[in-house]
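> heads up, no residue letters with this:
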């Protein structure tokens with residue numbers, strides 16, 4: 001779908017080190033079992049709240065939890081831009097995806113002591129960044145690029161996946177921080193089902 005203009009040597013090196021120092025994701029005897037029930041609290045969260053996602057599944061099993069949302073971004077002088085400050089990437093198996101629509105390209109920039117940038121050309125107006133097993137940490141991220149000619153806004157789709165484990169009795173619980181997220185609607189997928197939540201402004 002997309003063509004990358006470059007690869008961050010820092011990211012490749014960090015992922016290599018991460019794979020060497022982090023334990024194996026799947027423990028002995030652990031399976032990808034069925035989730036029988038799960039919930040999200042609080043039911044009416046505000047930006048800054050910590051979501052608690054908990055439930056039950058088969059004992060000693062691992063599951064993929066995905067949080068996704070879409071936003072429209074205005075175009076100014078042919079360019080678009082969207083920023084996250086303090087986005088947290090968890091330990092363990094993870095995946096982060098950004099898809100931009102009505103665009104000519106997409107730049108994904110991790111802002112640290114030095115900015116690390118990857119760029120992608122669009123095909124048929126769609127550009128995508130996707131990365132598996134990003135080293136855990138807290139990052140400032142900037143997404144920008146050129147919109148297609150004449151566009152007044154572009155669409156951005158975000159999806160972040162991380163693993164969640166159940167214990168020997170089949171219980172699991174995970175805390176998900178929202179400080180770096182925007183207000184609006186989100187979809188949370190787990191165990192073949194999904195729930196919708198709306199993040200309201202902090203009071």
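Perfect, thanks for sending it. In this text the structure is predicted, and so the values were computed from the model without any measurement. Numbers count the residues shown, from 1 in each chain.

> quick one: pLDDT of the most centrally placed residue in the chain?
With distances taken as CA atoms, centre = their mean, the chain has residue 160 as the residue nearest its mean C-alpha position (2.2 Å). Here the pLDDT value assigned to residue 160 is 92.

> same question, the one 3 residues further on
The confidence metric pLDDT takes the value 91 at residue 163.

> got the contact list for it?
Contact analysis of residue 163 by CB atoms under 8 Å, 6 or more residues apart in numbering lists 25, 62-65, 92-94. Where C-beta positions appear, they are placed from N, C-alpha and C, glycine not excepted.

> ok, and it, which helix or strand is that part of?
If you go by DSSP states H and E, residue 163 is part of strand 153-165.

> Just the helices from the chain, written as ranges.
For the chain, the helices defined by DSSP state H cover 9-21.

> Look up how far residue 51 lies from the closest residue to residue 44 other than its chain neighbours.
Spatially, and ignoring its direct neighbours in sequence, residue 44 is nearest to residue 200 (6.9 Å; CB to CB, 6 or more residues apart in numbering). Using CB to CB, to the nearest Å, residue 200 is found at 13 Å from residue 51.

> How about residue 110?
24 Å.

> coming back round to it: so the residue nearest to the centre of the chain makes contact with residue 69?
No. Counting by CB atoms under 8 Å, residue 160 does not reach residue 69; the two are 9.4 Å apart.

> Quickly list what the nearest residue to residue 41 once chain neighbours are set aside is bridged to.
Residue nearest to residue 41 in three dimensions, not counting chain neighbours: residue 52, with 4.9 Å by CB to CB, 6+ apart. For residue 52, the beta-bridge partners under DSSP bridges are residue 41, residue 175.
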